[in-house]
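Novice: What would the 3D arrangement of this be:
(chains A and B)
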There are 2 protein chains.
Amino acid sequence: MRAALDAALSAAGNDEVPVGAAVVRAGEIIAISANAPRTLHDPTAHAEIRAIRAAAALIGSDRLEDCDLWVTLEPCAMCAGAIAHARIARLYYGAEDPKGGAVAHGPRFFSQSTCHHRPEIYAGIGEEEAAALLKDFFAARR
Amino acid sequence: MRAALDAALSAAGNDEVPVGAAVVRAGEIIAISANAPRTLHDPTAHAEIRAIRAAAALIGSDRLEDCDLWVTLEPCAMCAGAIAHARIARLYYGAEDPKGGAVAHGPRFFSQSTCHHRPEIYAGIGEEEAAALLKDFFAARR
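Specialist: The predicted structure is shown next:
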């Protein structure tokens, strides 16, 4: 989660909402990404999507069955869907997102009967620092 | 929808689930994509995501506010989330997807209070041909 938090901090430096993600396989970080939709002109460029795409390209498969995803914020519906498609084994996330989250809030995607794959889920990891990054970012923009 | 159906047919030729999508702006097709997660080693490479990314890159913005998305199958949660992030104006889709769809089934993403943007939605456009493509594809693989 340290690497994901550092990526979140770098996103804030680029005037992007500070969210970071890392994909870990066999104890090794194989992808680290920051949230970057504005910078990249890509509405899908959330930290989780970027990390999953990078890891899949590295492995050479669209399935990341032996990989875990660490992300500083509760994933949205888009990212939760991508996590299921990628068959991520374990999801660790930091801050809750009552407004846009889709794991513990809103569509609660992984609890739907139409969800084809549900990772093990661990919430609140590094939550304090992840939430502080977001709070400071939005406070500075007001 | 003709262009999206042709893209779906090309996906089937690559042994990918036959789904195609097109982004239209001011009556002009600015992106056409086929479903290609296996070919591209990218679990996020659904037709909708690929078309949205291509259109956003072309326009140079992460917002596609004046664009419509045409897709041969009801979008999944990942793609519905991307449609909302991209601020797509109108969504036209073909076949229903009771197993993985997230518009009229499962999480019904656009009906959630946490959904930040809801396009106008038109279902069943070209449904017969889109569904036949999928049925033939899965029948041939059994």
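Novice: which residues touch residue A:58?
Specialist: By C-beta atoms under 8 Å, 6 or more residues apart in numbering or on different chains, the contact list for residue A:58 reads A:30-31. Heads up, the C-betas are built off the backbone N, CA and C, glycines and all.
Novice: Tell me which residues of the longest helix belonging to chain A come out buried.
Specialist: Longest helix in chain A by number of residues (criterion: DSSP state H): helix A:127-141. Judged by neighbour count using 16 or more other C-beta atoms under 10 Å in any protein chain shown, the buried positions of helix A:127-141 are A:127, A:130-131, A:133-134, A:137.
Novice: can you list contacts of that helix?
Specialist: The set of residues external to helix A:127-141 that reach it, using C-beta under 8 Å, 6+ apart, is A:5, A:8-9, A:12, A:17-19, A:72-73, A:94-96.
Novice: All the strands of chain A, in order from the start?
Specialist: Taking DSSP state E as the criterion, chain A contains strands spanning A:20-25, A:28-34, A:67-73, A:90-95, A:120-123.
Novice: Is it possible to get CSV of these that adds mean pLDDT, mean neighbour count and distance to chain B?
Specialist: Below are the strands of chain A laid out as CSV (pLDDT from 0 to 100; neighbours: other C-beta atoms under 10 Å in any protein chain shown; distance: least, C-beta to the nearest C-beta, whole Å):
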stretch, mean pLDDT, mean neighbour count, distance to chain B
strand A:20-25, 98, 26, 12
strand A:28-34, 98, 19, 12
strand A:67-73, 98, 27, 11
strand A:90-95, 98, 24, 14
strand A:120-123, 98, 13, 16
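Novice: which residues does residue A:8 contact?
Specialist: Listed by C-beta under 8 Å, 6+ apart, the contact set of residue A:8 reads A:18-20, A:34-35, A:47, A:72, A:130, A:133.
Novice: now do residue A:36
Specialist: In this structure, residue A:36 makes contact with A:11, A:14, A:16, A:42, A:45, A:47, A:50, judged by C-beta under 8 Å, 6+ apart.
Novice: So among the residues you listed, which ones count as buried?
Specialist: A:11, A:16, A:42, A:45, A:47, A:50.
Novice: Identify the residues contacting the third one.
Specialist: Pointing back at residue A:42 there. Contacts were defined as C-beta under 8 Å, 6+ apart; by that measure residue A:42 touches A:36, B:53, B:56-57, B:62.
Novice: Please flag which of the residues you listed sit within helices.
Specialist: For these, membership in helices holds for B:53, B:56-57, with DSSP H as the criterion.
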